[in-house]
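Engineer: With the sequence up front, the predicted model follows.
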Amino acid sequence: MSSSRERSPGPALGRKNRRNGVLFCLPWLIGLSVFLIYPLCAAFYYSLCDYSVLLPPVFIGFDNYFDLAKDPLFWKSLKNTAYFAAGSVSLGLVVSLGLALLLNSKVKALGLYRTIFFLPSLMPVVASSILWMWMYNGQSGLINTALRVLGIQGPAWLADPAWAKPAIVLMAVWGAGNAMVVYLAGLQDVPTSLYEAAIIDGAGFFQRLIHITLPMISPVIYFNVVLGVISGFQAFTQAFIMTGSTGAPERSTLFYVLNLYNVGFQDLRMGYASALAWVLFVIILLLTWAATKLSQRFVTYDR
Amino acid sequence: MKGRPVPSVLTGVGAAALSVVVAWSLWALPGCSKSSPKQAPRHITYWEKWTGFEGEAMDAVIDDFNSREVAHAKTDPNYAPIEVEKVTISKIEQKLLIAIAGGNPPDLAGHYSFAVAAYADHGALTDLGPLLAKSGFDRSRYIDHYVELGEYRGKTWALPLVPASTALVYNKRLFKEAGLDAERPPSTIEEFDAYAEKLTRWEVTLPNGETHLESGYLPNVPTQRKRLVQAGFLPGEPSWWLYGWGDFFGGRLIDGPETISAANPANIRAFNWVASYSTKLGVDLVKRFRSGFGNSSSPKSAFLSGKVAMVLQGVWIHNYVEKYAPGLQWGAAPFPYPADHPELANTSHAEADVLMIPRGSPHPEEAFQFMQYASTQAVLEKLCLGQQKFTPLKNVSDEFWHAHPNPYIRLFRELGTSKNAVGIPQTGIWNEYKRELDNAVDLIQTLKQPPAVALSEVESKMQAALDRERKILARRAAQ
């Protein structure tokens, strides 16, 4: 009698386990469906409608998507955003990886340096945007004052269409501390035995960097790049605070999400804004997919 | 007795609480007590956008109303007093729409007149027509322009509360320094331009490194040798009405509700005039000069810091001077008109704060009673004096003029009553149109596009947007 009970838990217990499993997952499942899947589907439906939020949506088929293809602001904002994402991700990668490499060495007061470089990324974007607005002030800003000492007449950063976007990219690099910490963690995982072997073989710093460090932390780089691209395409706050909702000067800082915000929340064209949101979703999806494909060639998970 | 005894203090508190509840229910529930058959107050919520002294002026009006209601209820036991509660909301343009869309709007809202068209187009407002008719509303008590701001597509959606207008505001000290008569501001655009030249000053660096100050536009001094230290006029300061320069030349941004007229000849002329300042002063030199300015409502603003001598500003400039630049000697006059169009004298941008009842307001009747209260002369004068503006009514009491701290209040009011008082174009696509115009003015001021080209582009784009919006409205009406 007792042996048969030990042999199999029986169908009753199996059902109970399944039920408990589902119950434990339920909070997450409900959250996912209510806060993610439903809005995603609803936004897709609204993207096929005239929808001002105030009145019930009117179905119009794919008109919003056709209008979008002809909308110069859509293309302009897409170009600006791609510029920002490419600039902030590549520059951010170099700076945060460089900092991580430096901070991975054995110097005095290492913890202090790490804290200092990490601090800016703790600052809310709104606060740092306002701070950088002062720094970028063409006449009395810190940056131009410093440049004047070097004998350089700096540009009117945020008022100059040629400099406004680079200025916002530079500001994004300032917040590279998050990525730096992730790189640091990755660097500390690289087995020292590999370096020791390489040193015995006579490899210099750059050889070690290219043949050991980068391959070993490639999953971390991949992770940071994907996250960077996603957040780069969602850039909004900096431009909204620093250059206003028109994306002045001359729309050089009109980012994709800023345009979406204008269309949706200022003009109440929620249907069109939903179409914009879906296109952005697909773009980010494609970029992530492309990064994954690329990573299969360059990222090493084997240790 | 099982368990621990209840401390006597707690029983005491419990008994006291119970007696309070009983007393309250006897007092508050109608029919429970014969001695005080009072009605429960009718509570209404009012969303306000102003904080600071403007908000306090509104508080005083609401307090008066609430105590008047309580007094009424005392004399008439069957009357349920209305109780207005003010809630201050930032970014009211968006939050109010979200609240209306969510089916949970306030009973009454204080908004800006420029929002009326878009709100009405989207069905966000209660048509005040029936309520006004029932109350015997006398439209002729109001200054025409301001009451029209609340009317759109043949219906009344909002009533003006606190109006405003704009005028030429100038720095008397800088006038005197430039040898100009501070009591005789320019009246035509041509005169204005001559004044602006005299009021413009540069720091010029000589080849030997010495610097000195010089007035005028100095076309012969190379750019690297001069730095702007004071401008007579910059069309971009303040940047609130960049779209509106056409008004002073007789241009209009819409021609009826269905036609965008951004590129009409008067507008092109106006923006050629705007561009002429960029040519005269130099785009980069102006950019550098302006980048040192603070926000228009701060001590570092172009006008308050004495960097720009003449600006287009609103009736609130008095408060700004008091707060940020006390002692600044300023004067105001109607903004100049082109000499060949004397009929355009007294042109002014005239907008108003308005009261509106959102669609779905739980108590529209009660909200309207407060609106009615806030449309009487005494109440409007109290409110508008508190906010240091003028009233939207034709009749003004002597006390109001005497008590008003702004020395130019009569001028600002006169501009509001002028036949050339212009409001923001009543079109549902105004937000989009304004962004497009702001961008065009940016291109015009940096001399990247000639005004005729920039404005034609705006016109064709916005006509398409207006047609699109009309199509949407038609489609909705067909459903």
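Structural biologist: Arrived safely, thanks for sending.

Engineer: Now do the same contact list for the residue lying closest to A:Arg269 once chain neighbours are set aside.
Structural biologist: The shortest distance from A:Arg269 to any non-neighbouring residue, by C-beta to C-beta, 6 or more residues apart in numbering or on different chains, is to A:Val263 (5.1 Å). Where C-beta positions appear, they are placed from N, C-alpha and C, glycine not excepted. By C-beta atoms under 8 Å, 6 or more residues apart in numbering or on different chains, the contact list for A:Val263 reads A:Arg269, A:Tyr272, A:Ala273, A:Leu276.

Engineer: what about chain B, any weak spots by pLDDT?
Structural biologist: B:1-38 (pLDDT under 70).

Engineer: Which residue does it have closest to chain A?
Structural biologist: B:Ser291 (3.1 Å; C-beta to the nearest C-beta).

Engineer: show me what contacts that residue?
Structural biologist: A:Asn137, A:Gly138, A:Gln139, A:Gly141, A:Ala156, A:Ala159.

Engineer: For burial, what's the neighbour tally of the fourth one?
Structural biologist: To tie it back to what came earlier, the one meant is A:Gly141. 21 (other C-beta atoms under 10 Å in any protein chain shown).

Engineer: The stretch 51-200 of chain A against chain B: which residues are in contact?
Structural biologist: Within the stretch 51-200 of chain A, the positions adjacent to chain B are A:52-55, A:58, A:60, A:67, A:137-141, A:156, A:159-160 by C-beta under 8 Å from any C-beta of the partner chain.

Engineer: Just the buried subset of those residues, please.
Structural biologist: A:52-55, A:58, A:60, A:67, A:137-139, A:141, A:156, A:159-160 (16 or more other C-beta atoms under 10 Å in any protein chain shown).

Engineer: Filter those down to just the ones in strands.
Structural biologist: A:Val58 (DSSP state E).

Engineer: Identify the farthest-apart pair in the buried ones among the residues of the stretch 51-200 of chain A next to chain B.
Structural biologist: A:Val58 and A:Gln139 (51.0 Å; C-beta to C-beta).

Engineer: the helices in the stretch 51-200 of chain B, which residues?
Structural biologist: B:52-75, B:92-101, B:116-121, B:129-135, B:144-148, B:172-177, B:189-198 (DSSP state H, counting those that start in this stretch).

Engineer: And the contacts of the third one?
Structural biologist: Helix B:116-121 is contacted from outside by A:268, B:97, B:111, B:125, B:149-150, B:152-153, B:155, B:157-158, B:354, B:356, B:426-431, B:469, B:473, using C-beta under 8 Å, 6+ apart.

Engineer: For the helix or strand harbouring B:Tyr46, name the packing helices and strands.
Structural biologist: Taking DSSP states H and E as the criterion, B:Tyr46 maps to strand B:42-48. With contacts defined as 3 or more C-beta pairs under 8 Å, 6 or more residues apart in numbering or on different chains; DSSP states H and E, the packing partners of strand B:42-48 are helix B:52-75, strand B:82-88, helix B:92-101, strand B:108-112, helix B:364-373.

Engineer: Show me what it is in contact with.
Structural biologist: B:55, B:58, B:62, B:80-89, B:92, B:95-96, B:106-110, B:362-363, B:366-367, B:370.

Engineer: can you count the residues close to A:Tyr38?
Structural biologist: Neighbour tally, A:Tyr38, other C-beta under 10 Å: 11.

Engineer: Ok, the one 4 residues further on next?
Structural biologist: For A:Ala42, the neighbour count with other C-beta under 10 Å is 12.

Engineer: can you check B:Val286 too?
Structural biologist: 23.

Engineer: Would you mind pulling the contact partners of the helix or strand hosting it?
Structural biologist: If you go by DSSP H and E, B:Val286 is part of helix B:283-290. By C-beta under 8 Å, 6+ apart, the residues outside helix B:283-290 that reach it are A:138-139, A:156, A:159-160, B:223, B:226-229, B:231, B:234, B:236-237, B:277-278, B:302, B:307, B:445-447.

Engineer: buried ones in that helix?
Structural biologist: Per 16+ other C-beta under 10 Å, helix B:283-290 contains these buried residues: B:Asp284, B:Leu285, B:Val286, B:Lys287, B:Arg288, B:Phe289, B:Arg290.

Engineer: Spatially, which two of those are the most separated?
Structural biologist: B:Asp284 and B:Arg290 (10.7 Å).

Engineer: Could you list which residues are in contact with the residue of the stretch 201-303 of chain A found nearest chain B?
Structural biologist: Across the stretch 201-303 of chain A, no residue is closer to chain B than A:Gln266, which sits at 4.4 Å (C-beta to the nearest C-beta). A:Gln266 makes contact with A:Ser245, B:Gln94, B:Asn431, B:Glu432, B:Arg435 under the criterion C-beta under 8 Å, 6+ apart.

Engineer: go again using 10 Å as the cut-off
Structural biologist: By C-beta atoms under 10 Å, 6 or more residues apart in numbering or on different chains, A:Gln266 lies in contact with A:Ser245, B:Glu93, B:Gln94, B:Ala118, B:Trp430, B:Asn431, B:Glu432, B:Lys434, B:Arg435.

Engineer: Outline the domain layout of chain B.
Structural biologist: Per automatic domain parsing, the structural domains of chain B span B:42-163+B:351-417, B:166-349+B:426-473.

Engineer: What residue in the stretch 51-200 of chain A comes nearest to chain B?
Structural biologist: A:Gly138 (3.1 Å).

Engineer: Go ahead and confirm that residue touches A:Pro155.
Structural biologist: Yes: A:Gly138 is within contact range of A:Pro155, at 7.0 Å (criterion: C-beta atoms under 10 Å).

Engineer: joint contacts of those two?
Structural biologist: Going by C-beta under 10 Å, 6+ apart, residues that sit against A:Gly138 and also against A:Pro155 are A:Asn144, A:Trp163, B:Asp284, B:Lys287, B:Arg288, B:Ser291.

Engineer: Just send those residues back as CSV, with distance to A:Trp289 too.
Structural biologist: CSV is the format used below for these (distance: C-beta to C-beta, whole Å):
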residue, distance to A:Trp289
A:Asn144, 43
A:Trp163, 34
B:Asp284, 45
B:Lys287, 43
B:Arg288, 46
B:Ser291, 43
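
Engineer: if we take those, which one ends up nearest to B:Ser456?
Structural biologist: Out of the shared contacts of A:Gly138 and A:Pro155, the member with the shortest distance to B:Ser456 (by C-beta to C-beta) is B:Lys287, at 25.6 Å.
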